[in-house]
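Asker: Pasting a predicted model and its sequence here:
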Amino acid sequence: MRKLVKHKHQEETEINLTPMLDVVFIMLIFFIVTTSFVKESGISVNRPSAKTTEQKTSANIIIAISENNEIWIDKSLVDIRSLRSNIERMKATNTLNSVVVESDKLANTGILINVMDQIRLAGITNISISTRIKD
């Protein structure tokens, strides 16, 4: 005669991490997509100082004018004749549509005016000029 031995079946408890990992990956994708990165013009500019400077929290296009009257956008030298098309291209990919112009204090004022005209002709009216805070 055979003896039937009953083994206690113990359930192993484990935590299923798959739903949590799904949520973490979705959050990671969300933060990557919505993050705005700091943009640089590509050169160092000696900006003029002003007492009435206001801090601007966001701008998605930064244009720099060097002391040699060179125009820089996204670390590349741009000719004044192609500035408008570059701004229009950048405007199509951004939602804020604001421009900050960093002009060296030794740069020609006429170049600054031409740059601002090209920005307005590209359809952007939210233009700021970057300065240093005067002590």
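Answerer: Received the coordinates, thanks. Numbers count the residues shown, from 1 in each chain.
Asker: mind checking which helix or strand of the protein has the lowest mean pLDDT?
Answerer: Here the helix or strand of the chain ranked lowest by mean pLDDT, DSSP states H and E is strand 49-50, holding a mean of 66.
Asker: now the lengthiest helix in the chain, how far from the chain's geometric center?
Answerer: Longest helix of the chain, by residue count under DSSP state H: helix 18-34. Offset of helix 18-34 from its chain centre (C-alpha atoms, centre = their mean, to the nearest Å): 22 Å.
Asker: That helix - contacts with which helices or strands?
Answerer: Here helix 18-34 touches no other helix or strand, going by 3 or more C-beta pairs under 8 Å, 6 or more residues apart in numbering; DSSP states H and E. Any C-beta I mention is one placed from the backbone N, CA and C, and that applies to glycine too.
Asker: roughly how far apart are Val101 and Phe25?
Answerer: The spacing between Val101 and Phe25, counted by C-beta to C-beta, to the nearest Å, is 40 Å.
Asker: ah, wrong one, I meant Ala92
Answerer: For Ala92, the distance to Phe25 - C-beta to C-beta - is 30 Å.
Asker: circling back to that earlier point, compare Val101 and Phe25 and say which is more crowded by neighbours.
Answerer: Per other C-beta atoms under 10 Å, whichever of Val101 and Phe25 has more neighbours is Val101, with 21 against 10.
Asker: Next one, pLDDT for that one please.
Answerer: The per-residue pLDDT reported for Val101 equals 88.
Asker: That one and Ser130 touch, don't they?
Answerer: Yes: with contact defined as C-beta atoms under 8 Å, Val101 reaches Ser130; the gap is 6.7 Å.
Asker: For stretch 87-103, measure first residue to last.
Answerer: Stretch 87-103 has an end-to-end distance of 17 Å (criterion: C-alpha to C-alpha, to the nearest Å).
Asker: got the buried residues for that stretch?
Answerer: By neighbour count on 16 or more other C-beta atoms under 10 Å, the buried set for stretch 87-103 is Ile87, Met90, Lys91, Asn97, Ser98, Val99, Val100, Val101, Glu102, Ser103.
Asker: out of the residues you listed, which are inside strands?
Answerer: Within the buried residues of stretch 87-103, residues falling in strands by DSSP state E are Ser98, Val99, Val100, Val101, Glu102, Ser103.
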